[in-house]
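Student: Quick one: sequence and predicted model below, then my questions.
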Amino acid sequence: MKKALTIAGSDCGGGAGIQADLKTFQELEVFGMSALTAVTAQNTVGVHAVYPMLAEAVAKQIQAIGDDIGTDAVKTGMLFSAEIIETVSENIKKYQWKNVVVDPVMIAKGGASLLQEEAIFALKKYLLPLAKVITPNIPEAEVLTGMKIRTIEDKREAAVRLCDIGVRNVVIKGGHDENELESTDILFDGSGFHTFTNKRILTKNTHGTGCTFSAVITAELAKGSSIYDAALSAKDFIQAAIEDQIEIGHGHGPTNHWAFRKRKYIEELAK
């Protein structure tokens, strides 16, 4: 049984955060575990309140997993503060976890800040050098690199800069591309670039896409997939989750976490 641990915030609305991560792990037949960094009061309309955990509480949760169950891969999501980032980094090093996926969650879909300003320095100093892969969207990559990203060439430059910080692999997502017809992700593995392009779906129901995308990569790495295959699976999974929409709430609705599995099941029946 392969296992994956998500260290992230809770989304009571079920579309993002640890809820999205655990749903994704389950869909990909990986046993999911979690360490809460914060409790949020949020729904499809926005984030209404954030209640961060004590750093000690985060550490105790991680240690409960590390001392007993262990994990084959770890992903981090909303970490909120520099103190929590340092605590998470210390424990990742303590248990020598290597398949570390960092989703640098900074801003919620509705615009609410989910990462304190001083935490960005801690993220770059302590956590990114431990990451096997980081999965920023364009605004997050711009903050981390200090550059504007408008073109594929810009994405490549930003990916190289992130690798210079110490990350081994970088996936910059294309959800914020200006191209109205396509969404293009790029993977930089330290030596070369790979491009993943899918048709853009015009919808407001994209809440939790970043969490889900990085959770797929985490689950696939836990199962032994290469970073290329994990990124490709994430692209396909999230495309299905967006295309096969579910209508929930009055704002940015969640994606459909079971769409990918359902499609595969239908394809198997058709054979």
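Tutor: On my side now, so go ahead.

Student: can you give me the helices for the stretch 51-200 of the chain?
Tutor: Using DSSP state H, counting those that start in this stretch, the helices found in the stretch 51-200 of the chain span residues 55-64, 82-94, 119-122, 138-145, 152-165.

Student: any chance of the ones you listed in CSV, plus mean neighbour count?
Tutor: Yep, even glycine has a C-beta here, placed from its N, CA and C like the rest. Shown next, in CSV, are the helices of the stretch 51-200 of the chain (neighbours: other Cβ atoms under 10 Å):
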stretch, mean neighbour count
helix 55-64, 17
helix 82-94, 20
helix 119-122, 18
helix 138-145, 20
helix 152-165, 18
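
Student: Of those, which is nearest residue 251?
Tutor: helix 138-145 (18.8 Å; Cβ to Cβ).

Student: Run the angle between the closest one and helix 152-165 for me.
Tutor: 50 degrees (axes from the mean of the first three to the mean of the last three Cα atoms, to 10 degrees).

Student: Run through who's touching helix 138-145.
Tutor: Residues from elsewhere that reach helix 138-145 (Cβ atoms under 8 Å, 6 or more residues apart in numbering): 104-107, 120, 123-124, 136, 148-149, 155, 157-159, 161-162, 165, 172-177.

Student: one more time with 7 Å
Tutor: The contact list for helix 138-145, computed with Cβ atoms under 7 Å, 6 or more residues apart in numbering, reads 104, 106-107, 120, 124, 136, 148-149, 158, 161-162, 172, 176.

Student: can you put the helices of the stretch 51-200 of the chain in TSV and add mean pLDDT and distance to residue 49?
Tutor: Shown next, in TSV, are the helices of the stretch 51-200 of the chain (pLDDT from 0 to 100; distance: least, Cβ to Cβ, whole Å):
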stretch	mean pLDDT	distance to residue 49
helix 55-64	98	18
helix 82-94	97	17
helix 119-122	90	18
helix 138-145	92	22
helix 152-165	94	31
